[in-house]
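**Student:** below is the sequence, then the predicted model.
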Number of protein chains: 2
Amino acid sequence: MEQRAAYLDRLIDVSAGDTGVAQALGGHREWRVRHRDDGIPALGRNQESRAPAQATGYEAFTACMGPRTLRRRLQSGENLYRSGDSLKSFYAVRSGCFKSLIADAEGREQVSGFFMGGDVLGTDGLATGRYASSAIALEDSTVDVVHCTTVERAAREHPVLQRRLLALVASETLKANGTLMLLGSLRARERLAAFLLNLSQRLRQNGESASDLRLRMTRDEIGSYLGLQIETVSRLFSAFRAQGLIDVHKKDVCILDFRGLEKVLRVRGRRQA
Amino acid sequence: MEQRAAYLDRLIDVSAGDTGVAQALGGHREWRVRHRDDGIPALGRNQESRAPAQATGYEAFTACMGPRTLRRRLQSGENLYRSGDSLKSFYAVRSGCFKSLIADAEGREQVSGFFMGGDVLGTDGLATGRYASSAIALEDSTVDVVHCTTVERAAREHPVLQRRLLALVASETLKANGTLMLLGSLRARERLAAFLLNLSQRLRQNGESASDLRLRMTRDEIGSYLGLQIETVSRLFSAFRAQGLIDVHKKDVCILDFRGLEKVLRVRGRRQA
DNA sequence: CGATACTTTGAAGTATCTCAATCCTTGTGG
DNA sequence: CCACAAGGATTGAGATACTTCAAAGTATCG
């Protein structure tokens, strides 16, 4: 499941004329890129499917990486980092899947996100210099490790990278806000529908099937993420199957009716505002 | 309610030796500062009460501001910016109070946060170049306007500022994650208790009373933020009063029993994990 | 002073949780 | 190969926290 490696072949042309933060950050503008010839093998597909407006800033990291990028393999269940560890590196998920956990003062834990190929982990450590969440592999996984001083240096030297970095960090807020919306104003069935559609979309962006998903997380973890009990999640899976929206066998989910799932989101919102 | 102006008199000494991102970002290190003598009047108290570890990065902005900083006044209900507007500036709240609104594809809106003196608004625009949320004044308010090119330039020239900026943007994620925790694993009474305690703490950091709060937002807005109906919020206020935890008269809340409120958070969490 | 917006309280409904039992899958050791 | 344990998933039945609907109270403002 090696993916997104096409970005390794790219380096943003830092000599591009740049004047305003807003313009450059938008990603709406075409970046002038040049081929990178530093010995990094061109793994993976050469897909251009990822929409620029949706870019997570992954490129900003791969662009910083030297020819001998540190790579780390993790087994399922292994911690990539723990909440409270001091920030040393950022991690670009290369293969596999992670969950991030946050905890409150009383020790309650909650899944705050799932990270798959192309996602970047660790940026929340920038706020205080210590990671605010823990990242745990949900299956055997690989990450590219980028030391934060490397990023720091690259960002300082190349304004464009600085912007990409800021965009990346800010996009974490956006993601969190999306989840916030999920928890704050959707009911259980809407949350699960949104979750499945989101997952499907991200897999498609990674060049995988949008309809046949293999869930890497347990029902419990889905429930924690969606603010629901495990039984509720299970019941909803069954209900969706009964309605012909999906097909489920344990962790294998097949989306049969995209329109129907989207309709779950449209029909009957909790608050009418 | 002019506050936090003490920061205007400070400018981070950019010549300070800086080597690692982690160290500098933490805010745990003492910053070498020098007095700024550029004609900015020293308004407000000279309080040093804000804990360094809690710093939101407000200083990073005030430090970028030139002697003739643009200031903007807003009336209650006025939009500071709207979701979709292209990012032009960041805003440091000087006086007053704001709410931020996010909306999903179906048009459902939700309050995603409240911003008071010392908070910075607009950073979520960094992700795409357009604000992802709307900011609306809850009372007559004043903000310092910092054009993003100004910040960009300052960050590029002064590595320390760059870090502070990154820390600020990342801290938005932390805030959102906190809210996420609230919505995902706390029950209604716990959410309101957490909300009140958080508000109290922030007011204290601004040098205001920690026990006598004047809520700037309506029950509806609190409900939207906490993922609750307005009636539930109202009932909980009444319940807290009946228990002697607080005193409420409309928007005036007096916290009578901090220990009791904190106990609401400790006792009986929803999930035992 | 009436209109409007916000708040409070009650009563009934229901979505979701909680408790409990069963089932399935996988791995382990006899 | 089978028995058994352990972790996860499913399903049912009852409890309840929160919503929804409804009505009335109270500020605020032109």
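**Tutor:** Nice, thanks for sending it over.

**Student:** close to DNA strand D: what parts of chain A are there?
**Tutor:** Within chain A, the positions lying close to DNA strand D (Cβ under 7 Å from any atom of the strand) are A:218-220, A:230-231, A:233-235, A:237-238, A:248, A:250-251, A:270-271. (Glycine included, C-beta is placed from N, CA and C.)

**Student:** rerun at 10 Å
**Tutor:** Counting by Cβ under 10 Å from any atom of the strand, chain A comes close to DNA strand D at A:77, A:184-185, A:187, A:215, A:217-223, A:229-239, A:241-242, A:248-253, A:268-272.

**Student:** run through the residues you listed and flag the ones next to DNA strand C.
**Tutor:** A:187, A:223, A:229-236, A:239, A:249-251, A:268, A:270.

**Student:** inside strands: which ones of the residues of chain A next to DNA strand D?
**Tutor:** Among the residues of chain A next to DNA strand D, DSSP state E puts A:248-249, A:252-253 in strands.

**Student:** returning to that earlier point: now, of the residues of chain A next to DNA strand D, which are buried?
**Tutor:** The neighbour-count test (16 or more other Cβ atoms under 10 Å in any protein chain shown) applied to the residues of chain A next to DNA strand D identifies A:184-185, A:215, A:217, A:219, A:221-223, A:229, A:232-234, A:236-237, A:241, A:248, A:253, A:269, A:271 as buried.

**Student:** ok, which stretches of the stretch 1-150 of chain A are strands?
**Tutor:** For the stretch 1-150 of chain A, the strands defined by DSSP state E, counting those that start in this stretch occupy A:10-12, A:33-35, A:70-74, A:79-81, A:89-95, A:97-103, A:109-116, A:120-121, A:134-137, A:141-147.

**Student:** quick one: which of the ones you listed is nearest residue A:193?
**Tutor:** When the strands of the stretch 1-150 of chain A are compared for distance to residue A:193 using Cβ to Cβ, the nearest one is strand A:109-116, at 16.2 Å.

**Student:** so is the closest one next to DNA strand C?
**Tutor:** No - under the criterion of Cβ under 10 Å from any atom of the strand, DNA strand C is not reached by strand A:109-116; the shortest gap measures 12.3 Å.

**Student:** how far away from the center of its chain is that strand?
**Tutor:** 10 Å (Cα atoms, centre = their mean, to the nearest Å).

**Student:** just want the angle from that strand to strand A:89-95.
**Tutor:** 60 degrees (axes from the mean of the first three to the mean of the last three Cα atoms, to 10 degrees).

**Student:** please see if stretch A:86-93 touches chain B.
**Tutor:** Yes - residues of stretch A:86-93 are located near chain B by Cβ under 8 Å from any Cβ of the partner chain, namely A:86-88.

**Student:** just the CA coordinates for that stretch, please, in CSV.
**Tutor:** Extracted in CSV, the C-alpha atoms of stretch A:86-93 (Å, rounded to 0.1, in the frame of the first residue of the first chain):
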residue,chain,number,x,y,z
SER,A,86,8.4,16.6,23.4
LEU,A,87,8.1,17.4,19.8
LYS,A,88,10.9,16.1,17.7
SER,A,89,9.5,15.2,14.4
PHE,A,90,6.5,15.2,12.1
TYR,A,91,5.4,12.1,10.4
ALA,A,92,3.9,11.6,6.9
VAL,A,93,1.9,8.4,6.7
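
**Student:** what comes up buried for it?
**Tutor:** Judged by neighbour count (16+ other Cβ under 10 Å), stretch A:86-93 contains these buried residues: A:87-93.

**Student:** now those residues in a markdown table, with pLDDT and distance to residue B:111?
**Tutor:** What follows is the buried residues of stretch A:86-93, written out as a markdown table (pLDDT from 0 to 100; distance: Cβ to Cβ, whole Å):
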| residue | pLDDT | distance to residue B:111 |
| --- | --- | --- |
| A:87 | 97 | 31 |
| A:88 | 95 | 36 |
| A:89 | 96 | 35 |
| A:90 | 96 | 31 |
| A:91 | 96 | 33 |
| A:92 | 95 | 33 |
| A:93 | 95 | 32 |
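
**Student:** residue of the stretch 1-150 of chain A closest to DNA strand D, please.
**Tutor:** Minimum separation of the stretch 1-150 of chain A from DNA strand D (Cβ to the nearest atom of the strand) falls at residue A:77, amounting to 9.0 Å.

**Student:** so what's that residue up against?
**Tutor:** By Cβ atoms under 8 Å, 6 or more residues apart in numbering or on different chains, residue A:77 lies in contact with A:136-137.

**Student:** so for the top helix by length along chain A, mean pLDDT?
**Tutor:** In chain A, assigned by DSSP state H, the helix with the most residues is helix A:159-185. What helix A:159-185 shows for mean pLDDT is 95.

**Student:** touching chain B at all, it?
**Tutor:** Yes - using Cβ under 8 Å from any Cβ, helix A:159-185 reaches chain B at A:159, A:162-163, A:165-167, A:169-174, A:176-181, A:183-185.

**Student:** what residues of that helix count as buried?
**Tutor:** By 16+ other Cβ under 10 Å, the buried positions in helix A:159-185 come out as A:159-185.

**Student:** between it and strand B:109-116, how big is the angle?
**Tutor:** Interaxial angle, helix A:159-185 versus strand B:109-116 (the same axes, to 10 degrees): 120 degrees.

**Student:** relative to strand B:97-103, how tilted is helix A:159-185?
**Tutor:** Going by the same axes, to 10 degrees, helix A:159-185 makes 80 degrees with strand B:97-103.

**Student:** helix or strand right after helix A:159-185?
**Tutor:** Downstream of helix A:159-185, the next assigned helix or strand under DSSP states H and E is helix A:188-205.

**Student:** could I get the buried residue list for that following helix?
**Tutor:** Neighbour-count burial for helix A:188-205 flags A:188-197, A:199-200, A:202-203, A:205 (criterion: 16+ other Cβ under 10 Å).

**Student:** then that helix to CSV, C-alphas only?
**Tutor:** Extracted in CSV, the C-alpha atoms of helix A:188-205 (Å, rounded to 0.1, in the frame of the first residue of the first chain):
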residue,chain,number,x,y,z
ALA,A,188,-26.1,9.1,15.3
ARG,A,189,-27.1,7.8,11.8
GLU,A,190,-26.0,11.0,10.2
ARG,A,191,-22.6,10.8,11.9
LEU,A,192,-22.0,7.3,10.7
ALA,A,193,-23.0,8.2,7.2
ALA,A,194,-20.7,11.2,7.2
PHE,A,195,-17.9,9.0,8.6
LEU,A,196,-18.3,6.4,5.9
LEU,A,197,-18.5,9.0,3.1
ASN,A,198,-15.5,10.8,4.4
LEU,A,199,-13.5,7.6,4.6
SER,A,200,-14.5,6.7,1.1
GLN,A,201,-13.5,10.0,-0.3
ARG,A,202,-10.1,9.8,1.4
LEU,A,203,-9.5,6.4,0.1
ARG,A,204,-10.4,7.5,-3.4
GLN,A,205,-7.9,10.3,-3.1
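
**Student:** what's the average pLDDT for it?
**Tutor:** 97.
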